[in-house]
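Chemist: Predicted model and sequence below, questions to follow.
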Amino acid sequence: MKIDQCLFGYDDGHKLLSSSLSLGAEISLLTELSDLAPNTVFGRSNGYWTGMPVPGMGRYVLMRTWAAPEMSRPGCVWSHALLIEPSLLESVEHLSVLQRLFIRPSNSADLARYREVISGADISTRVPDEPRNDAVVKKLLNSLYGKGGPSINVAAADDLATPLFAVWSQQWPRLRRNFRFQTAAIRTNSASSGVRFDITASIGNLLEESKSATDDYPEWVNAAFLDVGDGTEGKLRCFLWQYGHDVKRQKGSFKPLVELWLNSMHEPSLKEAKLGSLIKRYFPSVEDALALKLDLINGMLIPDSQPDLVRFWLQQDDVPFLPNPSLHGIERMMKLWPAFSRQFLELAEYASNKNGVIENKIVESVESKILAADFWHLTQPYPNLQNLMLNKQPEFLLEGDALKLSTEEIMRMLPRLKTKDSRLEDLVFSLICREDDRLIPPVFNNFPEIAARQVIRAASENLTASIRAWREELLRRPELMLTREVLGSVSRQSTLYEYLQEMRLSSPAVLSAGSDPWIAAMSNAFDDLWGEKKDILSCSILVLALASEKVGWKGVERLFEIIHSKILAEMLHGKARDILDEWLPELGWFSNWDLGLRLRLMVIDAYIRNRWPIESFNALTQDHSARLMLAEAASDVPGGKVLSRAIKH
């Protein structure tokens, strides 16, 4: 890498005296810069520095200007200028090493060396060990990036150079090559050059200097000041160089970048969306500080603030300021669960109304973290997310707080539930207890067997009055009720009696179902009947058993002796006798009065016709007289001799 140079001085006027490069159209600008700055006070200083970009040449010019008292004309100066390519300017860690390349000419004849190109090898890598005025460094930082003006008040003309080169070295490449400064010290309130500089110097007094040294600077200035001392090894320096390269406002971005770095180091989580507000204020377009925004929104930097920043992204208006997070960034963010569960649920609520790839990823990631047992508790404040998850996983209805949904929502979701899930039993029971008749059709239509069982359960828990409409619907669907599983779950025989009365013994559905469901129910139910109702229930089930073809013998075996003995003892209540009288065979006027005989004959006919087990017939009664009556009746019936012989033994 090589550096061009040139020399300006007096020769019948201030002009270019020697150069290794043609300056072209920029010669007038460089000549002006190299001349003595207006109102400059050299005093005991050994010259001043000027630096600024020259876009027309594609170079950065760095000048050193010395007083030339040996010239015949007062106010003459020598100015040695380096014309540095930006790539070289950006590669030098400590820009103060460039100072060693400047040479003051000994006289007007000493010009040849300035026509030669300087080799990059001549740049020393050893950092000059020069004392640095810390107060001036802080002034520079505050003036460049804060609220201070461009003029730095110094006690002496040379006080600014070393701090300025240190601050300049801190700047990231693009900021470096656009830095415009001049250290020529002028009297306070004097007119300055027409060229606009970022930093200039003015001569103050010791009292002002002492007062300035005690200025209370904000935290970002102090952090930047410490980094100036740390040099290229500083953490802030690395941060600035990493994220300063693509900011749109160069100087204007320095302060917010330092503040962001401070937050990343000292404040794990920015509260009340402070980070998003700061980013929007200082970097209002998507492309501005893009690398920084991507690392922030993807959780590479200040990870605890990523959820809030993603929320800003979701809520952006038509003029966005944040780039899209990556899918991997969303995955990284979810590692903060459960510490940031509330923020994630809010994000999913916002995202659930959209249909983008990233929004869907947010929703899916949050869904994957919500356990079924926590679903209602976590999603209650977030109706959009809750509804979306219910549509995808309707089984959440089977968890604890489903009844918090409106009836309309429950009715909409019921068809989506899987009928094989055992938790449906409790859900249907809860819906029955809700006492909202609008639920009756969808529950019975979607889960008929479960609905039947749970209506029975509700009745057994003394909820009969409050579920009257449900009970009536079940009675209109006898095919659901008349099964061993459903009817067998009735807890009281008094309830069985009521159901039988309401469905009617002679109805096709009751006759078709037979006695088996009733026998099962009678076996399981608490015996809370007596008197006439007890006899009516027993006689009704016995009649159903005799009318059954397959397993009716079980009911006959259970009830025959009870009913038969009451008939013989003339203790069977009237309505029960009426039931038997209606269903038992007619024996004519002479014998029809004998209800016991008619019952025995019907029992014998059922055993013969249905080929029921002989062992069952033999077990119908242990009463000797009743057994003889059965044997005698069986012997007179065609095909009954086998039964007669069996019961005599």
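Modeler: Perfect, thanks for sending it. This structure is a prediction, so every number in the text was calculated from the model and none was measured.

Chemist: Below-threshold pLDDT in this structure: ranges please.
Modeler: Scanning the chain for pLDDT under 70 picks out 122, 124-131, 188-193, 204-215, 267-273, 463-464, 648-649.

Chemist: how does it divide into domains?
Modeler: Domain ranges of the chain: 1-233, 271-390, 517-649, per automatic domain parsing.

Chemist: In JSON lines: these, plus distance to residue 244.
Modeler: C-beta coordinates here come from the backbone N, C-alpha and C atoms, glycine included. Formatted as JSON lines, the domains of the chain follow (distance: least, Cβ to Cβ, whole Å):
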{"stretch": "domain 1-233", "distance to residue 244": "4"}
{"stretch": "domain 271-390", "distance to residue 244": "8"}
{"stretch": "domain 517-649", "distance to residue 244": "82"}
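
Chemist: would you turn those into CSV with distance to residue 251 and mean neighbour count?
Modeler: Below are the domains of the chain laid out as CSV (distance: least, Cβ to Cβ, whole Å; neighbours: other Cβ atoms under 10 Å):
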stretch, distance to residue 251, mean neighbour count
domain 1-233, 6, 17
domain 271-390, 12, 18
domain 517-649, 88, 17
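
Chemist: Can you tell me which of these is nearest to residue 470?
Modeler: domain 517-649 (18.7 Å; Cβ to Cβ).

Chemist: And residue 513, how far from residue 36?
Modeler: Using Cβ to Cβ, to the nearest Å, one obtains 119 Å as the distance from residue 513 to residue 36.

Chemist: now the strand or helix carrying residue 60: how far from the chain's centre is it?
Modeler: Secondary structure assignment for residue 60, by DSSP states H and E: strand 59-67. Taking Cα atoms, centre = their mean, to the nearest Å, the mean C-alpha location of strand 59-67 is offset from the chain mean by 57 Å.

Chemist: Sheet partners, orientation included, of it?
Modeler: strand 48-54 (antiparallel), strand 77-84 (antiparallel) (DSSP bridges).

Chemist: quick one: contacts of the last one?
Modeler: The set of residues external to strand 77-84 that reach it, using Cβ atoms under 8 Å, 6 or more residues apart in numbering, is 3-10, 14, 21, 30, 33-36, 50, 54, 57, 59-68, 98, 101-105, 114, 118.

Chemist: show me what contacts residue 48?
Modeler: 37, 40, 64-65, 157, 161, 182-185, 201.

Chemist: Can you give me every residue that contacts the residue nearest to residue 331 when sequence neighbours are not counted?
Modeler: Closest residue to residue 331 apart from its sequence neighbours, by Cβ to Cβ, 6 or more residues apart in numbering: residue 365 at 6.9 Å. By Cβ under 8 Å, 6+ apart, residue 365 lies in contact with 330-331, 333-334, 344.

Chemist: before we move on, what about residue 366?
Modeler: Contacts of residue 366 (Cβ under 8 Å, 6+ apart): 334, 344-345, 347-348, 385.

Chemist: ok, now residue 542?
Modeler: Going by Cβ under 8 Å, 6+ apart, residue 542 touches 515, 555-556, 559-560, 563.

Chemist: and with 6 Å instead?
Modeler: 559, 563 (Cβ atoms under 6 Å, 6 or more residues apart in numbering).

Chemist: picking that back up, out of the domains of the chain, which gets nearest to residue 431?
Modeler: domain 271-390 (15.5 Å).

Chemist: what separates the residue nearest to residue 331 from residue 339, distance-wise?
Modeler: According to Cβ to Cβ, residue 365 stands 15 Å off from residue 339.

Chemist: quick one: which of the contacts of residue 48 is nearest to residue 232?
Modeler: Of the contacts of residue 48, the one sitting nearest to residue 232 (Cβ to Cβ) turns out to be residue 161, at 20.1 Å.

Chemist: That closest one contacts residue 183, doesn't it?
Modeler: Yes - if you go by Cβ atoms under 6 Å, residue 161 and residue 183 touch, sitting 5.4 Å apart.
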